[in-house]
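Novice: requesting a structural model of the entry that follows:
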Amino acid sequence: MVSISFHLRTICGKSFFSFLILSLHILAASPLNAQGWGAPVMCWNVENYFDTFDDPDTADDEFTPRGDRFWSKKRFQAKKNAIAKTILSVRDEYGDYPFLVGLVEVENSYVVKELVTDTPLAKLGYKYIHRNSCDPRGIECALLYRQEFFSPLEIKNIEVERVYYDKPLRHILYTKGVELTTGDTLHIFVNHWSSKLGGEKRSAPNRVASALALVKVVDSLYSATPDPLPNVIIMGDLNDTFGSEPLNTLKLSDLPLHILSEGFDHGKEGTIKYQGEWELIDHFVVSEPLSEYEMTIYIPDFLLERDKEYLSSKPLRTYSGPKYLGGVSDHLPIILQK
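Specialist: Next comes the predicted model:
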């Protein structure tokens, strides 16, 4: 191929040489397109990533220097750097730094900006997307992205209809953008569904409401562009497991959605540890064009501690009750890669 091209270049001159260079660029890009995106996607509930300032509009008092947690600047800096360390370490396991990082339980834009500008993440030039939500404690979602891989086109919060009048439900962060190595348009939804506080029976309708809000938006995307099918990535802490009513509600979408946690050994594999058993409540859900992508749980040793009660390991949290432990989160990150 090279020798023939060189011979033709000498015959046809400079114009053919330019054409050849363009052709080589296309050929070089083709294997990458076949393999998928140039870098993995990550999602992580970083558990109570608060700044140290008292916000009078939210119930964040415990995460202030004089609050119950004695949340100091030193502790904030330690958590911020540990989150950055974990994101950077993804390259060791998956071959590159994630080009998208969905973050759950961040207080505001300030803590996200601090993460991408005042830690070693700054060398990668991550940008961030964040919109204020309606959570009473002020914990929200954000999306980090690497500019060489992703260009956002549209950003908005998706509101979730209340089930109980006394409790607003967290918004879903939506971003439409282009993955630059493939040219794929991606529709990304970062979620933090309601917890099981108050019991399964009372709390499940809240999570079903979040699922229905997603179904509504996904169906509208499908109606607008049925061919080719839209590339949808739903990620986040859905606070429920595969096979539950809230997750099954996603299957009501006219656009076929694949819940990638289906094949895991539930009880033995998971992202949180509860009473000695793993539970997988953090998920990637994708549309048909992305069904060949796989979800894995990222478990670096430095995110774990010894579970003395159950003689195993568990995520190393920032706090256990009021006691400061110096870890990051009660959740483990999840990764999406082909």
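Novice: where does the prediction get shaky in this protein?
Specialist: 1-35 (pLDDT under 70).
Novice: following the top helix by length along it, which helix or strand comes up?
Specialist: The single longest helix within the chain, with elements called by DSSP state H, is helix 200-224. Per DSSP states H and E, the first helix or strand lying C-terminal to helix 200-224 is strand 231-237.
Novice: CA atoms only: put that following strand into PDB for me.
Specialist: Only the C-alpha atoms of strand 231-237 are listed here, as PDB (Å, rounded to 0.1, in the frame of the first residue of the first chain):
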ATOM      1  CA  ASN A 231     -26.900   7.400  21.700                       C
ATOM      2  CA  VAL A 232     -28.200   7.600  25.300                       C
ATOM      3  CA  ILE A 233     -26.100   7.200  28.400                       C
ATOM      4  CA  ILE A 234     -28.000   7.200  31.700                       C
ATOM      5  CA  MET A 235     -25.600   7.100  34.700                       C
ATOM      6  CA  GLY A 236     -25.600   7.700  38.400                       C
ATOM      7  CA  ASP A 237     -26.700   6.500  41.800                       C
END
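Novice: in the next helix or strand after it, which residues are buried?
Specialist: Scanning forward in sequence from strand 231-237 by DSSP H and E, the next helix or strand is helix 245-249. Neighbour-count burial for helix 245-249, counted by 16 or more other C-beta atoms under 10 Å, picks out 246-247, 249. Heads up, the C-betas are built off the backbone N, CA and C, glycines and all.
Novice: ranges for the helices of the protein?
Specialist: Taking DSSP H as the test, the helices found in the chain are 2-12, 14-35, 73-94, 109-117, 200-224, 245-249.
Novice: in the stretch 51-200 of the chain, which spans are strands?
Specialist: Counting by DSSP state E, counting those that start in this stretch, one finds strands in the stretch 51-200 of the chain at the ranges 100-106, 126-130, 140-146, 150-158, 172-179, 184-192.
Novice: what's the third one packed up against?
Specialist: The one in question is strand 140-146. On a contact count with 3 or more C-beta pairs under 8 Å, 6 or more residues apart in numbering; DSSP states H and E, strand 140-146 meets strand 100-106, helix 109-117, strand 126-130, strand 172-179, strand 184-192.
Novice: quick one, which of those gets closest to D68.
Specialist: strand 100-106 (17.5 Å; C-beta to C-beta).
Novice: that closest one: partners in the sheet, and parallel or antiparallel?
Specialist: Sheet pairing for strand 100-106, assigned by DSSP bridges, gives strand 41-49 (parallel), strand 140-146 (antiparallel).
Novice: report the angle between that strand and strand 231-237.
Specialist: Strand 100-106 runs at 30 degrees relative to strand 231-237, counting by axes from the mean of the first three to the mean of the last three C-alpha atoms, to 10 degrees.
Novice: surely N81 touches A122?
Specialist: No - judged on C-beta atoms under 8 Å, N81 makes no contact with A122 at a distance of 11.7 Å.
Novice: higher neighbour count, the two?
Specialist: Neighbours were counted for N81 and for A122 using other C-beta atoms under 10 Å; N81 has more, 16 against 12.
Novice: what's the burial count for the residue lying closest to that one once chain neighbours are set aside?
Specialist: Spatial nearest neighbour of N81, excluding adjacent residues (C-beta to C-beta, 6 or more residues apart in numbering): T119 at 5.5 Å. The burial count assigned to T119 is 19, neighbours taken as other C-beta under 10 Å.
Novice: next up, the contacts around T119.
Specialist: 80-81, 83-84 (C-beta atoms under 8 Å, 6 or more residues apart in numbering).
Novice: relative to D330, how far out is it?
Specialist: According to C-beta to C-beta, to the nearest Å, T119 stands 21 Å off from D330.
Novice: domain ranges for this protein?
Specialist: Following automatic domain parsing, one finds the domains of the chain at 1-35, 36-337.
Novice: most tightly packed of the ones you listed?
Specialist: domain 36-337 (a mean of 18; mean count of other C-beta atoms under 10 Å).
Novice: could you dump the helices and strands packed on strand 140-146 into TSV with distance to K338 added?
Specialist: Below are these laid out as TSV (distance: least, C-beta to C-beta, whole Å):
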stretch	distance to K338
strand 100-106	14
helix 109-117	26
strand 126-130	22
strand 172-179	12
strand 184-192	12
